[in-house]
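In: what follows is a predicted structure for the sequence shown.
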Amino acid sequence: MLEDASGSLFRQYLTIARLLAGQLDFQSAIRAVAKEIALIIPHDHMDVCIITPGSTFHTAYESGLETDWSKRPPALIEHSPIRGLLVGETDHYLTPDASEDPRFHFKGAFSDPIREHNLKARLHVALKVHGETIGALSFSSLAPDDYDARDLEHARSIADLLAPYFFAIRAAEQAKQSAIVEAAARVREEALRQGAARLTEVLETERQRIGMDLHDQTLGDLTRFAKRLERLSLMGSVSGEELEPLFRSLQQSMHDLRQIIEQARPSVLQLFGLVDAIENHLDRSIRDSGLQLTWTLADKTGGDSGHLSPNVAITLFRIAQEAINNAVRHSQASHIAITFDRDGEALTLEITDDGIGMGKGAKNGGSGIDNMRIRARLIGARFSCGSRAGKTFVRVKLPLTLQETDR
């Protein structure tokens, strides 16, 4: 008879293991095995409480009576009536009448379901994997004094059978949640990048519109004004001596406006491409400065620099423009070098000079450096600047996989 009972119990454990197979969530798993477990430990209510990894929260999954334990979102372990078991102070609870057992009714304990459903005898055992408590398996009966030491041993055996499977489900759900969070973060990052790219494009369109307006209207008005003053001078109504400062001012204003238009509408970039536009700006900046500066420009990208989207090309041009202006005006350098390079799936633009360095202002984040850094972020590129081997550098590294080209 004893052998028959042992064999029957063993078959029931095998059945529980078989019923667990293929269950992908806690609730389905507990419901799948509830009837078979009831043949071993009769109960009116059974639940599995699972601790959220790395937190102080737990979630209950029930079979039989439905209580508020499973209807609440993840709850604090410190409010659980079996918190001593969940935190590892004990590995089981066995009580003849939970309604009168003070272990379940401490201050702050959410033990209302015990009274609401008149739960009496209760049996709780820890779910452990590699010595770590991952939750608890609980049985309740409406009758008092319904569980004994033998039931406790059976409960421990069932818990040992369930724990690895529930640990795997918990790990799978955690991995799934991590994947969802990571995917959501990538979506937000991509949306931010695309939004920033659209913003940059809109700003650049507006900049070009301003440039055209200045050229067609403001510069034209000033030109007509200059001719009118010239006619007045020829008429003799105003002395040439008095008009000469006005001419100089107007000529300077027109020169300044032409520079604004050139910066707002980089026609060389539109007509000839990024590398030629940067070379043109570098050559003109050095020539206009009157300094004895030499320069070199190398494109080692195998043509990739000529296939960037207009928005990305304009942004890189603006960064190079700012870096060149800083080097020419402030570095006291004798040589400026610009290099385009390709490193795997990234394109790198680097501007170096052999001047005096960026100084304290750069470390504190001057507006020019901040502007270059912001522009780089808007196209998903990494910006860096500093000094090495006696040279000052500005570097932009652009992942080509993050931007559309015109191929």
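Out: Nice, I can see it. Numbers count the residues shown, from 1 in each chain.
In: and G135, what does it touch?
Out: Applying Cβ atoms under 8 Å, 6 or more residues apart in numbering to G135 gives the contacts 48-51, 58, 86, 126-127, 166. For glycine as for every other residue, the C-beta is placed from the backbone atoms N, C-alpha and C.
In: neighbour count and secondary structure added to these, as TSV?
Out: Rendered in TSV, the data for the contacts of G135 read as follows (neighbours: other Cβ atoms under 10 Å; DSSP: H, G, I helix; E, B strand; the rest coil):
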residue	neighbour count	secondary structure
V48	24	strand
C49	26	strand
I50	22	strand
I51	22	strand
H58	22	strand
L86	23	helix
A126	22	strand
L127	26	strand
F166	23	helix
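In: save these as CSV, and put in distance to D343 and pLDDT too.
Out: Conversion of the contacts of G135 to CSV gives the following (distance: Cβ to Cβ, whole Å; pLDDT from 0 to 100):
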residue, distance to D343, pLDDT
V48, 52, 94
C49, 52, 93
I50, 47, 93
I51, 46, 93
H58, 49, 92
L86, 51, 94
A126, 53, 95
L127, 50, 95
F166, 47, 89
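In: so how far is A191 from E345?
Out: Distance from E345 to A191, counting by Cβ to Cβ, to the nearest Å: 21 Å.
In: re earlier: could you dump the contacts of G135 to a markdown table with distance to L137?
Out: Output for the contacts of G135, formatted as a markdown table (distance: Cβ to Cβ, whole Å):
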| residue | distance to L137 |
| --- | --- |
| V48 | 6 |
| C49 | 8 |
| I50 | 10 |
| I51 | 13 |
| H58 | 13 |
| L86 | 12 |
| A126 | 8 |
| L127 | 6 |
| F166 | 9 |
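In: farthest-separated two in these?
Out: L86 and F166 (14.0 Å; Cβ to Cβ).
In: pull the helix or strand with minimum mean pLDDT from this protein.
Out: For the chain, using mean pLDDT, DSSP states H and E, the weakest element among its helices and strands is helix 359-363, scoring a mean of 46.
In: so where do the helices sit in the stretch 51-200 of the chain?
Out: In the stretch 51-200 of the chain, helices defined by DSSP state H, counting those that start in this stretch lie at 68-71, 83-86, 112-116, 149-213, listed in chain order.
In: elements contacting the third one?
Out: Helix 112-116 sits against helix 68-71, with contacts defined as 3 or more Cβ pairs under 8 Å, 6 or more residues apart in numbering; DSSP states H and E.
In: any idea of the mean pLDDT in the helix it packs on?
Out: Helix 68-71 shows a mean pLDDT of 89 in the predicted model.
In: what helices or strands is it leaning on?
Out: Contacts defined by 3+ Cβ pairs under 8 Å, 6+ apart place helix 68-71 against strand 45-51, strand 57-64, helix 112-116.
In: I'd like these laid out as JSON lines, including distance to R186.
Out: Conversion of the helices and strands packed on helix 68-71 to JSON lines gives the following (distance: least, Cβ to Cβ, whole Å):
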{"stretch": "strand 45-51", "distance to R186": "28"}
{"stretch": "strand 57-64", "distance to R186": "27"}
{"stretch": "helix 112-116", "distance to R186": "41"}
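In: flag the shaky bits of the stretch 1-150 of the chain, pLDDT-wise.
Out: Within the stretch 1-150 of the chain, the segments meeting pLDDT under 70 span 1-7.
In: quick one, strands of it?
Out: Counting by DSSP state E, counting those that start in this stretch, the stretch 1-150 of the chain has strands at residues 45-51, 57-64, 75-76, 92-95, 122-129, 132-140.
In: nearest to A185, out of those strands?
Out: Each of the strands of the stretch 1-150 of the chain has some distance to A185 by Cβ to Cβ; the shortest is strand 57-64, at 22.3 Å.
In: hmm, who's touching that closest one?
Out: Counting by Cβ under 8 Å, 6+ apart, strand 57-64 makes contact with 26-27, 30-31, 34, 43-52, 69-70, 72-77, 80, 86, 135, all of which sit outside it.
In: ok, back up a step: which of the helices of the stretch 51-200 of the chain sits closest to T15?
Out: helix 149-213 (10.7 Å).
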